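Participant: sequence first, predicted model second:
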Amino acid sequence: MLDILIAGGWPMLPILLTSALALAIILERFWSLRRSAVLPPGLGEQVRVWVRAAKLDPAHIDLLAAGSPLGQLLAAAVRVRGKPREFVKERLEDSGRHVVHRMQRYLNTLGTIALIAPLLGLLGTVIGLIKMFLAVMVHGAGDPTKMAGGIGEALICTATGLVVAIPAYIFHRYFRNRIDGYAVDMEQEAILLLDALDAPAEQPAAQSGAKTAAPVRVHGTPAPAGR
């Protein structure tokens, strides 16, 4: 294998560098885009329980935002609780765009590698053919061994460029589709949270002999304790 790579000439160097970069991006995205890391199981329901119980102190919200992309999205809505529904919805949409953008990190680079790897292979092909024609000009067409080196370099570079480009393109599309699916799931969780923010909060049981207070609503949202 090493002999084949060496036979490809110096154009193999940028192709090998792009292949290493593509492999690093693919492994990193597989780890970062795990479903358990993006959409932790039960997180949406837990946040809705906090909302209904008015347990929304700053420590809870900060921990929620730092935990996962879904948590960051839900925290954006919780921070502006008490505002009109349309305002909260706009905040969710703005935060959602930022969250999706961060999930797409490095995918443009992976797509660029899928595009330029065949071009680098084509460059190596052209250089190999030029070497072949120069050998023919110097030594004539009677010695096929002089032509074999240029042809071999051309074929090796072309094949290597395609070997890098095809998986890079496949994984680029795969990660894009995965992120699209996550975006749909996060949208559903955001809608459920909006409905929970519009619902009255659960009131703690009154002390013995005290009268239970009616829930306080501001623009359809319960005011947090202490406000």
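Facilitator: Alright, I've got the coordinates.

Participant: any idea of the mean pLDDT for the strand or helix carrying Glu153?
Facilitator: When secondary structure is defined by DSSP states H and E, Glu153 falls within helix 144-198. Mean pLDDT, computed over helix 144-198, is 86.

Participant: distance between that helix and the chain's centre?
Facilitator: Going by C-alpha atoms, centre = their mean, to the nearest Å, the spacing between the C-alpha centre of helix 144-198 and its chain's C-alpha centre is 11 Å.

Participant: which other helices and strands does it contact?
Facilitator: Helices and strands in packing contact with helix 144-198 are listed as helix 2-7, helix 12-32, helix 43-53, helix 69-79, helix 85-103, helix 107-139; criterion 3 or more C-beta pairs under 8 Å, 6 or more residues apart in numbering; DSSP states H and E. (Glycine included, C-beta is placed from N, CA and C.)

Participant: which one of these lies nearest to Glu189?
Facilitator: Using C-beta to C-beta as the criterion, the shortest distance between Glu189 and these is 4.0 Å, found for helix 43-53.

Participant: helix or strand with the lowest mean pLDDT in the protein?
Facilitator: Confidence across the helices and strands of the chain bottoms out at strand 217-218, with a mean of 35, counting by mean pLDDT, DSSP states H and E.

Participant: before we move on, back to that, what's the angle from the helix holding Glu153 to helix 69-79?
Facilitator: With axes from the mean of the first three to the mean of the last three C-alpha atoms, to 10 degrees defining the directions, helix 144-198 sits at 30 degrees from helix 69-79.

Participant: coming back round to it: of the helices and strands packed on helix 144-198, which approaches Tyr174 most closely?
Facilitator: When the helices and strands packed on helix 144-198 are compared for distance to Tyr174 using C-beta to C-beta, the nearest one is helix 12-32, at 9.1 Å.

Participant: want to throw the helices and strands packed on helix 144-198 into a markdown table with mean neighbour count?
Facilitator: Rendered in a markdown table, the data for the helices and strands packed on helix 144-198 read as follows (neighbours: other C-beta atoms under 10 Å):
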| stretch | mean neighbour count |
| --- | --- |
| helix 2-7 | 11 |
| helix 12-32 | 16 |
| helix 43-53 | 17 |
| helix 69-79 | 22 |
| helix 85-103 | 15 |
| helix 107-139 | 17 |
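
Participant: compare the mean pLDDT across those helices and name the weakest.
Facilitator: If the helices and strands packed on helix 144-198 are sorted by mean pLDDT, helix 2-7 sits at the bottom with a mean of 61.

Participant: ok, back up a step: between the helices and strands packed on helix 144-198, which one is closest to Thr160.
Facilitator: Checking those against Thr160 by C-beta to C-beta gives helix 12-32 as the closest, at 5.2 Å.

Participant: follow-up on the earlier one: what's the angle from the helix holding Glu153 to helix 107-139?
Facilitator: With the same axes, to 10 degrees defining the directions, helix 144-198 sits at 170 degrees from helix 107-139.

Participant: tell me the angle of helix 144-198 relative to helix 12-32?
Facilitator: Helix 144-198 and helix 12-32 are oriented at 20 degrees to each other (the same axes, to 10 degrees).
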